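Student: sequence unknown, structure follows:
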C-alpha cells in the first residue's frame, strides 16, 4: 500500500484528493481508491494555504512514513497484543440508538432470515464505526470495531451477509426508526425539505444500478442517485436510491409521493428545494397534491423586466446583526407569473400561477462572486494571450467571444479571434450577490420564507456529511446487493447525529463541532480498571460535560465512568 496525491482538472479547477493503492483480490492486481477528499486548489488558497499541492504532498509523505512504521511494528508485534486505545466519541449516538428501542423490531424482522448473529448489533457497530473513523468495510471490521467498547459477535462474512439483508429491507429499517423517532420526538412535516445528489463508483463497467449520468462532480465513472427528505426541523424522514442515469426532476415527484405514503405524512406540506429541481412539472405536481413549494430561481435566467426589478434599489429592507452590520437586503412582490410547458399532445401552452417572489442581496456573497468573476476573467486573458484552444477556457469561456468572421461579418475558415466580452463581465458583476426565491405561499411573510429556504443548507450539509465526514464516496463495494446497505448505514448515522444536534443540544452547536468531538474523543487503557483521556479540551466538551454531568473533561477515568457514558440517557 502507498499513498499519492491525485490532481483532477475539471471546469471548476484542480481538485485534490489523497489516494491509496491496494491489492484488489477480485482483479488480482493493484488498484487505487480515494483515502481523503481535500478540495479545489483555488478554494484552499483562499482559505490561507499558499501552495496546497506542496502542503498536501507533505501529508502524503507523512502518511507513507507512518504506514511504513506501522508495517514494521506489525512484524514485531506479538499476535496477542491489543491496542490500549479505545474510541468513545460515539457514545451520544449509542445512547440515542438504545433509547429509541428499534432493536426489538429489527430482531423480529430478522427471524425470517437464518442468521446466527444480531442484525441490529451489526448495524449499530457499523454506524458507530463510521462516525468515529470511516473507512472500508474490511478495515472497519479489522481496525475500528475492535476499538469500540462493546464486544461484537459477528464475522466479516456475516457483516457482508448482513449488509445484503438490510440492502433488500432498507425501507423497512427506515420505517422502524421513523416509527420510534416519531413516538419520542415527533416529526414536524408542516414543511419538508427535499434534494437529490449522486455518488460515483470507481468501477470500469456499468450495471443495472450504477450507470453513467450527470455527476455532481463531473465524474465519468458510473453513479447512483440518492434522494433525501427532511422534516421542518431538518431531521431525515426518508431516503430513496435510484439508478444514476435518471433525471432528478421527475425523481423528485416519485420519491416524495413514495416517502409521504410510506412514512404516513398526511396533510399539506411545503416542498423546499433548490433551483436544480425547479421546473413547471414539479411545481404543478406539488399543487395537484395539495402541497406548496419554495424553490430558488436563477436571477441570471430571468426576463429583462424581472432583472430590472431585482436591480432597482427601491423596496429593499436591510436585515442587520446585533452590531448593526447588514447581513442581507430583502424585498418581495406578489403577481401572476407565466410558465410555458408542453402538454401531452406536444402543444406549447402558457399558464399563469400566483406566486410570491423574494429577492435577497448578500454583500459577502457579492464580494465572493465578484472575486470568482475576476479570477475567471484573468484566466481568460492569459489563455487569449497564449492563443489557447477554445476547449481550454472552461468556465471562463462565458467572459469571451469567439469570432470566426471577417470585417464584413462573413464566416471564414481562417483563425478564430478571441475577444474579452466586457458586457458579459459587467452583467455578471451587476447580479453578483443576488438570489431569488419563488413560492406558492403568497400569504407567508418574506422573512419566514427566506428562513425556510435558508434551512435547505441542512440537507446540503447532510449530503456533505455523508460525502466527507462519513466518507460515503467514492464507494468501492463491488456487489450491488451491499450498496444500499452501505448508504443506509450513512443515513442512520446522519439521523442519529441530527437528533443529537437538534433535540439534545437544541441546535446550539454546528455539525463540524459535533463530528470533531466524535472523531477525537478517545481513551487509553493503562490498567485493568483505569483509563486516561487523550482528548484535547474544547468548549463543546466542557458544555456537554456540564449538560450531562459526565466526567468528559477528567484525565483519569475508571470503568464506572466509562459505563456511565455508554449507558447515559438524555
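Tutor: Nice, thanks for sending it over. Quick caveat: nothing in here was measured; it's all calculated off a predicted structure.

Student: please make it C-alpha for all contacts and neighbour counts, starting now.
Tutor: OK.

Student: sheet-wise, list the partners of the strand or helix carrying residue 418 with their directions.
Tutor: Using DSSP states H and E, residue 418 sits in strand 417-420. Strand 417-420 has the following strand partners under DSSP bridges: strand 400-403 (antiparallel).

Student: returning to that earlier point: skip ahead from the strand holding residue 418 and say which helix or strand is next.
Tutor: Downstream of strand 417-420, the next assigned helix or strand under DSSP H and E is helix 422-430.

Student: for that following helix, buried residues please.
Tutor: Going by neighbour count (16 or more other CA atoms under 10 Å), the buried part of helix 422-430 is 425, 428, 429.

Student: same thing with stretch 264-271?
Tutor: For stretch 264-271, a neighbour-count test (16+ other CA under 10 Å) marks 265, 268, 269, 270, 271 as buried.

Student: give the contact list for the closest residue to the third one other than its chain neighbours.
Tutor: Counting by CA to CA, 6 or more residues apart in numbering, residue 191 is the residue found nearest to residue 269 once chain neighbours are left out, at 4.6 Å. Contacts were defined as CA atoms under 8 Å, 6 or more residues apart in numbering; by that measure residue 191 touches 231, 232, 268, 269, 270, 271, 272.

Student: hmm, back to that, export the buried residues of helix 422-430 to TSV and tack on pLDDT and distance to residue 404?
Tutor: Listed next are these as TSV, based on pLDDT from 0 to 100; distance: CA to CA, whole Å:
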residue	pLDDT	distance to residue 404
425	94	21
428	93	25
429	94	27
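
Student: dump the residues you listed to JSON lines, plus distance to residue 48.
Tutor: Converted to JSON lines, the buried residues of helix 422-430 look like this (distance: CA to CA, whole Å):
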{"residue": "425", "distance to residue 48": "27"}
{"residue": "428", "distance to residue 48": "26"}
{"residue": "429", "distance to residue 48": "25"}
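
Student: and of those residues, the nearest to residue 487?
Tutor: residue 428 (38.8 Å; CA to CA).

Student: which helices and strands sit right next to the helix or strand harbouring residue 224?
Tutor: Taking DSSP H and E as the criterion, the element that holds residue 224 is strand 223-230. If contacts are counted by 3 or more CA pairs under 8 Å, 6 or more residues apart in numbering; DSSP states H and E, strand 223-230 sits against strand 192-200, strand 236-243, helix 248-262.

Student: and residue 159, how many residues sit next to it?
Tutor: Per other CA atoms under 10 Å, the neighbour tally for residue 159 reads 19.

Student: for it, give me its contacts.
Tutor: Residue 159 makes contacts with residue 122, as judged by CA under 8 Å, 6+ apart.

Student: could you redo the last one with a cut-off of 6 Å?
Tutor: Residue 159 is in contact with no residue at all, counting by CA atoms under 6 Å, 6 or more residues apart in numbering.

Student: and the host helix or strand of it, which residues are buried?
Tutor: Following DSSP H and E, one finds residue 159 within helix 156-168. Residues of helix 156-168 classed as buried by neighbour count (16+ other CA under 10 Å): 158, 159, 160, 161, 162, 163, 164, 165, 166, 167.

Student: cool, and stretch 116-130?
Tutor: Buried positions in stretch 116-130, judged by neighbour count with 16+ other CA under 10 Å: 117-130.

Student: pLDDT on it, on average?
Tutor: For stretch 116-130, mean pLDDT is 95.

Student: and for that stretch, what's in contact with it?
Tutor: Where contact means CA under 6 Å, 6+ apart, the residues beyond stretch 116-130 that reach it are 90, 103, 470, 489, 493.

Student: if you set the cut-off to 7 Å instead, what comes out?
Tutor: 90, 103, 106-107, 140, 144-145, 153-154, 159, 162, 470, 489, 493 (CA atoms under 7 Å, 6 or more residues apart in numbering).

Student: kindly report the same for stretch 334-349.
Tutor: With contact meaning CA under 7 Å, 6+ apart, stretch 334-349 is reached by 280, 350, 351, 352, 353, 354, 355, 356, 357, 442.

Student: mind redoing it with 10 Å?
Tutor: For stretch 334-349, the surrounding residues in contact (CA atoms under 10 Å, 6 or more residues apart in numbering) are 279-281, 350-358, 438-443.

Student: now a PyMOL select for only the buried ones of those residues.
Tutor: A single PyMOL command selects the buried members of the contacts of stretch 334-349 (16+ other CA under 10 Å):
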select buried, resi 355+356+357+358+438+439+440+441+442
